[in-house]
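Student: Quick one, fold the following:
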Amino acid sequence: MDLHFGDSKPTDDERAAVDALLGPPESSWEGADRSDADLRWARGGRAARERRDLLLPGLHAINDRIGWISEGALDYLCRRLTVPPAEAYGVATFYAMFSVKPRPATVLHVCTDLACAAAGAPGLCAGIEARLGPGSGVSVERSPCLGLCERAPAALAVKAGDPVRTAVSAPATVEAAVLAASAPDSAPEEPPAATAVPQAGQDGLVLLRRVGVVDPESLDDYRAHGGYTALRRAFELGPAGVIREVTDSGLVGRGGAAFPTGRKWQATASQPDHPHHLVCNADESEPGTFKDRVIMEGDPYALVEAMTIAGYATGAHHGHLYLRGEYPRALRRLEQAIAQARARGFLGEDVLGQGYAFDIEIRRGAGAYICGEETALFNSIEGYRGEPRSKPPFPVEKGLFGKPTVENNVETLVNVLPILTMGAPAYAAIGTGRSTGPKLFCVSGSVDRPGIYELPFGATLGDLLTLAGVRDRLRAVLLGGAAGGFVRPDELDIPLTFEGTREAGTTLGSGVVMAFDDTVPLPRLLLRIAEFFRDESCGQCVPCRVGTVRQEEALHRIAERTGAAAADDIALLREVGRAMRDASICGLGQTAWNAVESAIDRLGAYE
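Tutor: Residues are numbered from 1 along each chain as shown. Model (predicted):
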């Protein structure tokens with residue numbers, strides 16, 4: 001292990017940020033001011049190395065306090081954790097929200113992704129930069145999707161300090177975004193999560209029935225509306241009974257892969273190796289996806305209860321909740337919910353007096369789409385670069401920290417609550433035979449009522465867009481986000497099921513539905529998708545690392561040329577796309593060509 005440290009020293013603020021997380025240093029090796037200590041060897045080195053998973057929280061601590069991560073601060077953190085600085089530098093530079101170069105304490109992230117780009121994000125960025133001007137003390141950064149697509153265009157201001165302060169401006173104007181960056185505490189409060197749910201308060205809702213009805217900060221209000229009924233039912237059934245109910249319900253993963261949840265839980269529970277781990281993937285970063293954010297902000301106790309049930313069923317006593325770094329309100333709501341649940345006996349050493357110990361720890365992401373892939377997420381939690389691992393072994397055998405791990409996203413987990421309260425047969429009766437239960441759809445773009453919609457599997461795309469108020473002159477609909485595919489306006493009878501979209505030659509993905517009218521320039525949209533995948537590729541495998549760059553280059557050339565020259569580049573795009581799909585390690589490279597391919601073949605984007 002190369003522990004070569006430089007000569008840079010941390011400032012007092014940087015040292016205080018690290019010590020607030022790790023406690024005061026105990027030796028000169030760790031940075032204590034003790035002249036008589038020998039710096040040639042590390043006391044307790046093995047114990048320190050076992051804390052490498054605190055590297056990401058440590059980087060957050062420095063970045064939150066200072067606004068960027070200096071060499072001295074990084075060296076000090078590495079001394080405390082016995083992590084080679086070269087490796088820590090690779091981790092720090094992996095995430096978009098961190099900076100290892102000096103920058104102002106205030107950063108304004110302005111979303112330039114699909115929904116926001118269609119809503120005028122380029123002009124918004126130009127207006128903000130012109131208004132602030134040089135020397136304003138604010139760094140304006142163009143950002144991938146912030147998960148605020150129903151209120152596009154969106155901006156997120158982060159002002160470093162103790163404590164760090166944030167403010168969201170959405171829908172953003174130049175004036176509102178500048179105010180959020182200049183005075184986060186004076187910025188208008190975000191609207192309630194229920195404003196993102198046009199169906200809020202309607203009868204018949206299952207997953208969204210409490211959003212807009214209960215106070216998301218009140219455990220008592222949650223319990224008064226059926227909260228913790230499912231957990232009590234789980235204790236009555238026992239772990240095997242819970243897994244049987246989940247299996248019989250037909251629940252499959254809602255993140256896009258659609259793997260049977262009961263089978264995943266059973267495979268983890270049956271592993272003899274211990275401890276078992278539970279990971280909730282709340283790092284939804286697919287452009288156009290914001291359903292998990294709405295659940296966490298509007299019904300956070302539901303996720304805490306669902307994670308407790310999943311841990312109980314799979315034999316896990318510790319849950320990691322990996323949350324997007326761009327979700328400050330969701331973070332506050334979940335921290336408060338976990339603290340309240342712990343104080344009231346719903347988490348801790350003896351949950352509800354049943355002799356079962358379970359607790360939840362939140363880990364913040366820092367802006368990396370690839371960390372939505374389960375094994376990349378594990379690496380991120382463990383303090384490494386968020387790069388996917390080769391499979392097998394699969395996570396149910398060797399996942400987080402090399403132990404059996406079950407990983408589910410937020411929507412998948414909260415589906416467990418109605419399964420246990422209404423019973424597997426009643427749940428399975430919702431939807432279709434092969435796609436059971438309700439599904440959440442994130443609708444944005446050229447519609448009158450963007451937001452989260454809950455519909456049973458089997459409803460058509462046209463049904464959903466009618467609810468959302470699709471506008472005239474519809475040009476295309478993107479299903480599944482940047483990793484999905486486009487469909488034409490004459491294909492709105494596609495059933496919204498996993499099998500229905502597959503038969504139609506597209507994908508349901510995580511439930512993204514973006515509508516675009518003929519005012520949106522399709523070639524520019526495709527170029528933004530290519531830019532997104534180029535930026536978000538982790539670079540581990542050649543097909544994705546090189547292919548995403550070649551894809552973007554070809555789309556730039558096509559935008560400037562027509563005829564035979566464009567045809568040559570389209571042929572090159574197909575060749576590169578096939579190589580990425582066939583040879584990339586993970587789903588990012590395998591799906592990076594999907595949207596462009598569908599736009600060329602179904603929409604005639606470059607004819």
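Student: Which parts of the stretch 351-500 of the chain are strands?
Tutor: For the stretch 351-500 of the chain, strands defined by DSSP state E, counting those that start in this stretch occupy the ranges 359-364, 405-409, 438-445, 451-456, 474-479, 485-487.
Student: which stretch among the ones you listed comes nearest Ala571?
Tutor: Proximity to Ala571, assessed across the strands of the stretch 351-500 of the chain by CB to CB, is greatest for strand 485-487 (19.8 Å). For glycine as for every other residue, the C-beta is placed from the backbone atoms N, C-alpha and C.
Student: Which strands or helices does that closest one pack on?
Tutor: strand 474-479, helix 594-602 (3 or more CB pairs under 8 Å, 6 or more residues apart in numbering; DSSP states H and E).
Student: Could I get these in CSV, plus columns for mean pLDDT and mean neighbour count?
Tutor: Output for the helices and strands packed on strand 485-487, formatted as CSV (pLDDT from 0 to 100; neighbours: other CB atoms under 10 Å):
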stretch, mean pLDDT, mean neighbour count
strand 474-479, 95, 24
helix 594-602, 94, 21
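Student: So for Ala366, which of these sits nearest?
Tutor: Short answer: helix 594-602, nearest of the helices and strands packed on strand 485-487 by CB to CB, at 25.6 Å.
Student: Touching the closest one from outside, list them.
Tutor: Contact with helix 594-602 is made by 476, 478, 480, 482-488, 505-507, 522, 526, 529-530, 551, 555, 570, 573-574, 577, 605-606, as judged by CB atoms under 8 Å, 6 or more residues apart in numbering.
Student: Mind giving me the PyMOL command for buried ones among these?
Tutor: Per 16 or more other CB atoms under 10 Å, the buried members of the contacts of helix 594-602 correspond to this PyMOL selection:
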select buried, resi 476+478+480+482+483+484+485+486+487+506+507+522+526+529+530+551+555+570+573+577+605+606
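Student: re the thing from before, between the helices and strands packed on strand 485-487, which gets nearest to Ala424?
Tutor: Checking the helices and strands packed on strand 485-487 against Ala424 by CB to CB gives strand 474-479 as the closest, at 28.6 Å.
Student: Can you check what angle separates the closest one from helix 594-602?
Tutor: In terms of direction (axes from the mean of the first three to the mean of the last three CA atoms, to 10 degrees), strand 474-479 departs from helix 594-602 by 140 degrees.
Student: Tell me which other helices or strands strand 474-479 touches.
Tutor: For strand 474-479, the packing partners by 3+ CB pairs under 8 Å, 6+ apart come out as helix 461-468, strand 485-487, strand 512-517.
Student: closest one to Ala200 among the ones you listed?
Tutor: Taking CB to CB, helix 461-468 is the member of those nearest to Ala200, at 13.1 Å.
Student: before we move on, what SS does the nearest residue to Asn63 once chain neighbours are set aside have?
Tutor: Take Asn63 and drop its neighbours on the chain: the residue closest to it by CB to CB, 6 or more residues apart in numbering is Phe98, 5.3 Å away. Following DSSP: H, G, I helix; E, B strand; the rest coil, Phe98 is assigned to coil.
Student: Now do Phe98 against Val18, distance only.
Tutor: 15 Å (CB to CB, to the nearest Å).
Student: cool, and His320?
Tutor: Separation of His320 from Val18 (CB to CB): 22 Å.
Student: Have a look at those two and say which one is more surrounded.
Tutor: More crowded of His320 and Val18, by other CB atoms under 10 Å: Val18, with 26 against 23.
Student: What helix or strand is the more buried one located in?
Tutor: Assigned by DSSP states H and E, Val18 belongs to helix 12-22.
Student: list the buried ones in that helix?
Tutor: Using 16+ other CB under 10 Å as the burial criterion, the residues of helix 12-22 that qualify are 14-15, 17-19, 22.
Student: do stretch 124-138 as well
Tutor: Of the residues in stretch 124-138, 124-125, 127-129, 132, 136, 138 count as buried by neighbour count, 16+ other CB under 10 Å.
Student: Would you mind measuring the gap between the ends of it?
Tutor: This stretch, stretch 124-138, spans 15 Å end to end (CA to CA, to the nearest Å).
Student: so how far is that stretch off the chain centroid?
Tutor: Its chain's average C-alpha position is 28 Å from that of stretch 124-138, according to CA atoms, centre = their mean, to the nearest Å.
Student: average pLDDT across it?
Tutor: The average pLDDT within stretch 124-138 is 92.
Student: Go ahead and name everything in contact with it.
Tutor: The contact list for stretch 124-138 (CB under 8 Å, 6+ apart) reads 104-108, 110, 112, 140, 142, 153, 155, 172-175, 177-178, 181-182.
Student: Please pick the buried ones from these.
Tutor: Buried among these (16+ other CB under 10 Å): 104-108, 110, 112, 140, 153, 155, 172, 174, 177-178, 181-182.
Student: And the furthest pair within those?
Tutor: Pairwise distances across the buried ones among the contacts of stretch 124-138 (CB to CB) peak at 23.9 Å, for the pair Ala105 and Pro153.
Student: just to revisit the earlier point, adding distance to Ala337 as columns, could you present the helices and strands packed on strand 485-487 in CSV?
Tutor: As requested, these are exported to CSV (distance: least, CB to CB, whole Å):
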stretch, distance to Ala337
strand 474-479, 32
helix 594-602, 36
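Student: Quick check: which of the ones you listed is nearest to Val214?
Tutor: The closest of the helices and strands packed on strand 485-487 to Val214 is strand 474-479. By CB to CB, the value is 31.5 Å.
Student: Quick check: can you name the pairing partners of that closest one and their directions?
Tutor: The strands beside strand 474-479 in its sheet (DSSP bridges) come out as strand 485-487 (antiparallel), strand 512-517 (antiparallel).
Student: Quick one: work out the angle between that strand and helix 461-468.
Tutor: Counting by the same axes, to 10 degrees, strand 474-479 lies at 110 degrees to helix 461-468.
Student: quick one, helices of the stretch 451-600 of the chain?
Tutor: Under the criterion DSSP state H, counting those that start in this stretch, the stretch 451-600 of the chain carries helices at the ranges 461-468, 498-503, 522-536, 542-560, 563-583, 587-591, 594-602.
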